[in-house]
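Novice: need the 3D shape of this:
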Amino acid sequence: MANKLYTDEFKQEAVNQIIKNGYPIKDTAQRLGVHPDSLKAWIKIYSNPQSTSQHQASKDLSSENRKLKAELKRVTEERDILKKAAAYFAKNQK
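Specialist: As a prediction, the model looks like this:
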């Protein structure tokens with residue numbers, strides 16, 4: 001079974017249907033095409049506003065970490081190329 005990715009807005013709205021409107025988890029899950037265990041996990045994350053902000057901060061840090069790792073990889077490759085070029089030209093000047 002393929003894992004589907006749902007937006008944070010979709011998850012928040014699903015949680016609101018359960019918490020604010022009092023819909024049963026099982027019925028909501030079936031109507032939205034989501035597994036009930038996923039809804040239960042989303043409730044833990046999105047029902048508490050403080051938890052939601054922590055979740056968003058965690059996502060932001062994770063995203064920044066990915067970007068920084070990609071930049072580090074690029075800069076390291078550039079440095080290695082420059083080292084090889086410097087060694088090549090130093091060798092040819094003798």
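Novice: okay, and the residue positioned nearest the centre of the chain sits in which element?
Specialist: Nearest to the geometric centre of the chain sits residue 59, at 5.2 Å (C-alpha atoms, centre = their mean). Taking DSSP states H and E as the criterion, residue 59 maps to helix 49-92.
Novice: helices or strands up against that helix?
Specialist: helix 36-46 (3 or more C-beta pairs under 8 Å, 6 or more residues apart in numbering; DSSP states H and E). Bear in mind the C-beta positions are built from the backbone N, C-alpha and C, glycine included.
Novice: got a list of what residue 39 touches?
Specialist: The contact partners of residue 39, by C-beta atoms under 8 Å, 6 or more residues apart in numbering, come to 14, 15, 18, 25, 28, 29, 32.
Novice: in contact with the fourth one, which residues?
Specialist: Residue 25 makes contact with 18, 36, 39, 40, 43 under the criterion C-beta under 8 Å, 6+ apart.
Novice: pull out the buried members of those.
Specialist: 18, 39, 43 (16 or more other C-beta atoms under 10 Å).
Novice: got those as CSV, with distance to residue 81 and pLDDT columns?
Specialist: Shown next, in CSV, are these (distance: C-beta to C-beta, whole Å; pLDDT from 0 to 100):
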residue, distance to residue 81, pLDDT
18, 55, 91
39, 50, 92
43, 51, 90
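Novice: would you mind giving those residues as JSON lines with distance to residue 88 added?
Specialist: Converted to JSON lines, these look like this (distance: C-beta to C-beta, whole Å):
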{"residue": "18", "distance to residue 88": "65"}
{"residue": "39", "distance to residue 88": "60"}
{"residue": "43", "distance to residue 88": "61"}
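Novice: same list (the contacts of residue 25) but as CSV, adding distance to residue 54.
Specialist: Compiled in CSV, these are given as follows (distance: C-beta to C-beta, whole Å):
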residue, distance to residue 54
18, 20
36, 24
39, 20
40, 18
43, 15
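Novice: and residue 56, how many neighbours?
Specialist: Residues near residue 56, counting by other C-beta atoms under 10 Å, number 11.
Novice: centre of the chain to the helix holding residue 59, how far?
Specialist: Relative to the centre of its chain, helix 49-92 is centred 17 Å away, using C-alpha atoms, centre = their mean, to the nearest Å.
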